[in-house]
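# Need the 3D shape of this:
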Amino acid sequence: MKVTTAAMATLITLLPLTNAWIFQTCAGQADSTENRGCSQAACGTGTTIDWSNPTWIKYCVLRLYKNSDCTGQIGIATEDWKHTLAQPMAAWDVQGC
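Below you'll find the predicted structure:
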């Protein structure tokens with residue numbers, strides 16, 4: 001079977017839908033299409049974090065916390081967000097996927 005250029009281009013445009021979100025912190029990178037429970041990442045003030053939420057299928061919400069038990073919310077994002085922390089972050093989670 002011969003794959004046409006148009007068919008290949010269509011397939012390539014669908015590839016970003018396989019990862020609903022990607023979150024890069026000082027503790028490394030996480031990605032998924034599902035919710036993520038309370039995850040620890042002790043990142044200090046001035047650390048840059050990067051949240052990419054290229055979803056068309058699911059609506060995922062990133063929440064940042066000052067405490068390692070995911071209490072004391074200090075940030076929230078639904079769309080792509082590259083941010084330098086103004087205060088330390090101890091944990092994060094992803095909800096609503």
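
# helices and strands around the helix or strand encompassing His83, which ones?
Using DSSP states H and E, His83 sits within strand 81-84. If you count contacts as 3 or more CB pairs under 8 Å, 6 or more residues apart in numbering; DSSP states H and E, strand 81-84 packs onto strand 48-52. For the C-beta atoms, the positions are set from N, CA and C on the backbone; glycine is no exception.

# got the CA positions of the strand it packs on in PDB?
Only the C-alpha atoms of strand 48-52 are listed here, as PDB (Å, rounded to 0.1, in the frame of the first residue of the first chain):
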ATOM      1  CA  THR A  48      11.600  27.900  35.600                       C
ATOM      2  CA  ILE A  49       8.800  25.400  35.100                       C
ATOM      3  CA  ASP A  50       7.100  24.600  31.700                       C
ATOM      4  CA  TRP A  51       3.600  23.300  31.300                       C
ATOM      5  CA  SER A  52       2.400  22.300  27.900                       C
END
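
# who's in contact with that strand?
21-26, 43, 62, 64, 77, 80-85, 89 (CB atoms under 8 Å, 6 or more residues apart in numbering).
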